[in-house]
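Provide a 3D model corresponding to the input given below.
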Amino acid sequence: MNKNQGFLMIESVFEIFIVSLSMLIVIGTLSGTLNILKSSLDEMVNLNLISNAVIEVIIVAKNEMKNVTSYDSSTVLGNSSDGKLVGFSYNKLTQKINRYKDSGWDKGSTLISGNITTFSYDGKFLNVIWNEEHNLKLFIPF
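Sure, this is the predicted structure:
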């Protein structure tokens, strides 16, 4: 082996090292970008679900319920404009809030949202808190 071939071999090993290092940098940057993108998309989805739940609670409380007829720690029920019973029911174990409707012959509930940490009604204000972060305090007359 002469000197020229040895230099070419060292140069090739050095080039392979540089290419490998460049590939590792590109792959690391790509994985970091994908991780940030995934967490941002998860945050956007969670905020969208919470905003939809807030809108639904407001619609039921302001548009469907005329007044509150009965309430306790887990339910708030009132009369709707067509004389039927409508309101909210809350399950503390599953931390879910449901829209409740009783039209006499048809009774049922529909899931509004999960991750509800606080649900209360004190005779004037409905207080709903999602994930200990997002708070809705809504005036509903008794």
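
SS state for the most centrally placed residue in the chain?
Against the mean C-alpha coordinate of the chain, by CA atoms, centre = their mean, the closest residue is N46 at 2.7 Å. At N46, secondary structure determined by DSSP: H, G, I helix; E, B strand; the rest coil is helix.

how much space between it and G78?
As defined by CB to CB, to the nearest Å, N46 lies at a distance of 30 Å from G78. Quick note: C-beta positions are derived from backbone N, CA and C, even for glycine.

just the helices in the chain please.
3-59 (DSSP state H).

okay, and for it, where does confidence drop off?
Scanning the chain for pLDDT under 70 picks out 1-7.

if we use 90, what do you get?
1-14, 62-64, 66-67, 73, 80-84, 102-109, 122-124, 131-132, 140-142 (pLDDT under 90).

okay, now P141: neighbour count?
10 (other CB atoms under 10 Å).

surely it and K124 touch.
Yes. If you go by CB atoms under 8 Å, P141 and K124 touch, sitting 7.2 Å apart.

got any residues that touch both of these two?
Common contact partners of P141 and K124 (CB atoms under 8 Å, 6 or more residues apart in numbering): none.

surely V68 is in contact with K124?
No. With contact defined as CB under 8 Å, V68 does not reach K124; the gap is 9.3 Å.

who has more neighbours out of the two?
Legend: neighbour count by other CB under 10 Å for V68 and K124, higher for V68 (19 against 12).

which ones are touching the more buried one?
Contacts of V68 (CB under 8 Å, 6+ apart): V76, L77, G78, G87, Y121, I140, P141, F142.
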